[in-house]
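Chemist: Below is the sequence, then the predicted model.
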Amino acid sequence: MSEIIACLQAVEKTIVRIEHENRLVNRYTARDFTPFRFMPQGEVPTTHLLAFFLNAHEDHGQEHLFQELFIKRLRQEHLVSNRLPVATWTVKAERRHGEYGQLDLLLTATDGSFGICIENKPRDGTKDQPGQLTRYRQLLMQRHGENYLLIYLSRDARPPDPISLTAEDREALTGKGQYLNLTFREFLLGLLDDWYQAVHPESLRTFIRQFRHHVESWLQFESTKPAQLMQAKEVASTIISASQVQTAFDIIDSLAELKTQLLTTLAKKLAECFPEFAVGEHWKDTGFLQAINRKPIIIRRPTTSEVPDKLPWGRYSIGVEFDNGRLFYGIRFDRANLSPTDTTEQDWPEETPNAIAQLLSKEARPWSWWPWWDWVGPENDHSLYPLIANGKLVSELAPRVEELIKALDRHCQVGSADASQ
């Protein structure tokens with residue numbers, strides 16, 4: 001134990017020094033400032049940022065440079081390289097194309113000879129819609145015949161859901177150079193580096209660098225921020241010089257257990273905030289997003305019955321769940337497996353998402369088993385878990401849960417007979 005304490009004290013001393021030095025640097029350079037702190041993180045904002053750079057007519061002033069570097073990097077994919085034409089491209093983002101649906105990004109050669117569709121799926125837990133990529137492919141074929149490329153852009157390499165594009169179709173399209181799975185980790189970060197090196201205006205270079213840091217933080221990649229790199233280097237040197245290498249690895253091995261205990265703490269603190277409610281983990285569900293660390297925390301009005309029709313909120317509950325280091329909360333609707341004795345299945349009434357959103361005076365956000373949900377807290381677990389430990393996350397979450405309780409009470413009492421089923 002004394003070795004662990006000595007190691008932590010040495011690291012703390014180094015971190016305090018580095019933080020002081022960074023504050024001095026930031027005072028004169030504002031190196032840590034970024035406009036991205038005021039911008040929402042998510043698929044749609046990222047899509048629009050990519051569209052901004054790829055559109056030659058945007059006010060970045062670089063005309064077709066970003067397009068050319070994008071196509072150049074695509075050509076490194078050997079099955080695709082010979083198929084891409086030498087062309088300029090029009091760019092459309094988040095546009096609906098009739099029965100084919102809303103495409104994230106669509107690049108079309110100005111002479112109409114080729115089309116590139118990019119489906120942006122950076123969050124591993126985000127599900128594809130039934131037939132989604134198949135419809136996009138049909139749109140591309142209708143416009144360009146066989147001269148198209150369908151790109152599935154994910155955090156790390158992974159196939160789309162089979163309900164979106166079957167494995168057989170995906171393999172066939174891959175072999176013909178008509179489908180690619182590109183990743184944020186390798187392709188997009190590499191592309192941002194290409195853009196950064198190619199442009200000369202300092203304002204653009206700064207914005208591209210901050211965009212990269214934004215992606216790193218959002219998707220929990222290794223940081224390339226100067227302050228983080230300096231701290232990591234100095235801490236490593238401190239551990240080596242203090243002969244605390246083995247102790248440091250022992251501490252790392254304890255981090256998984258630390259996260260588990262902190263999540264238990266979060267559930268207990270929420271239970272303390274709402275003592276008249278039943279608060280605990282879902283008895284079976286591992287989460288809509290298959291949360292790795294923990295089952296969802298469920299908040300319900302207590303009752304002795306397990307029959308959905310006799311529960312105060314029926315199949316509804318308030319849930320708190322983790323997704324890749326982020327925390328989200330909302331109103332759940334257990335379509336099945338509400339309790340160990342529940343053998344029935346049922347969907348929520350069609351009007352539920354809009355009705356709940358109206359009660360909350362917020363935008364409707366339905367998703368699978370969640371008629372309404374939203375993010376809460378920091379956007380990565382490096383910042384999330386300390387806020388659980390110091391109680392600030394519970395302080396932020398509790399008023400939001402209270403708001404959901406009031407809305408759910410009103411919805412189940414006043415909504416309709418179906419609302420409590």
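Modeler: The structure has been received and is ready for your questions.
Chemist: Residue ranges of each domain in the chain, please.
Modeler: According to automatic domain parsing, the chain comprises the domains 1-24+225-253, 43-203, 255-420.
Chemist: Take the ones you listed and write them to JSON lines, including mean pLDDT.
Modeler: Below are the domains of the chain laid out as JSON lines (pLDDT from 0 to 100):
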{"stretch": "domain 1-24+225-253", "mean pLDDT": "83"}
{"stretch": "domain 43-203", "mean pLDDT": "94"}
{"stretch": "domain 255-420", "mean pLDDT": "84"}
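Chemist: and of those, who's closest to F36?
Modeler: domain 43-203 (9.2 Å; CB to CB). From N, CA and C alone the C-beta is placed, and that goes for glycine too.
Chemist: Pull the distance from the closest one to the chain's centre.
Modeler: Domain 43-203 sits 19 Å away from the centroid of its parent chain (CA atoms, centre = their mean, to the nearest Å).
Chemist: Pull up the distance across it, start to finish.
Modeler: Start-to-end span of domain 43-203 (CA to CA, to the nearest Å) is 24 Å.
Chemist: do stretch 93-113 as well
Modeler: Start and end residues of stretch 93-113 are separated by 19 Å (CA to CA).
Chemist: Tell me the secondary structure at the residue positioned nearest the centre of the chain.
Modeler: When CA atoms, centre = their mean is applied to the chain, the residue found nearest the centroid is R123 (4.2 Å). Look at R123: counting by DSSP: H, G, I helix; E, B strand; the rest coil, its state is coil.
Chemist: quick one on the thing from earlier: how about the domains of the chain in TSV, adding distance to L219?
Modeler: Shown next, in TSV, are the domains of the chain (distance: least, CB to CB, whole Å):
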stretch	distance to L219
domain 1-24+225-253	14
domain 43-203	5
domain 255-420	8
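Chemist: So which elements touch the strand or helix carrying L397?
Modeler: Applying DSSP states H and E as the criterion places L397 in helix 392-414. Helix 392-414 sits against helix 255-273, strand 316-323, strand 326-333, helix 352-360, strand 372-376, helix 381-389, with contacts defined as 3 or more CB pairs under 8 Å, 6 or more residues apart in numbering; DSSP states H and E.
Chemist: what's the closest of the ones you listed to D32?
Modeler: Nearest of those (CB to CB): helix 381-389, 14.1 Å.
Chemist: on that earlier part again, quick one: which of the helices and strands packed on helix 392-414 is nearest V307?
Modeler: Closest among the helices and strands packed on helix 392-414, using CB to CB: strand 316-323, at 14.4 Å.
Chemist: from the chain's centre, how far out does the closest one sit?
Modeler: In this view, strand 316-323 has its centroid 16 Å away from the chain centroid, taken as CA atoms, centre = their mean.
Chemist: Repeat that for stretch 25-32.
Modeler: Mean-position distance between stretch 25-32 and its chain equals 29 Å (CA atoms, centre = their mean).
Chemist: likewise stretch 340-359?
Modeler: Worked out by CA atoms, centre = their mean, stretch 340-359 lies 25 Å from the chain centre.
Chemist: same thing with stretch 339-352?
Modeler: Taking mean C-alpha positions (CA atoms, centre = their mean), stretch 339-352 and its chain are 27 Å apart.
Chemist: ok but M141 is inside a helix, no?
Modeler: Yes - counting by three-state DSSP, M141 is located in a helix.
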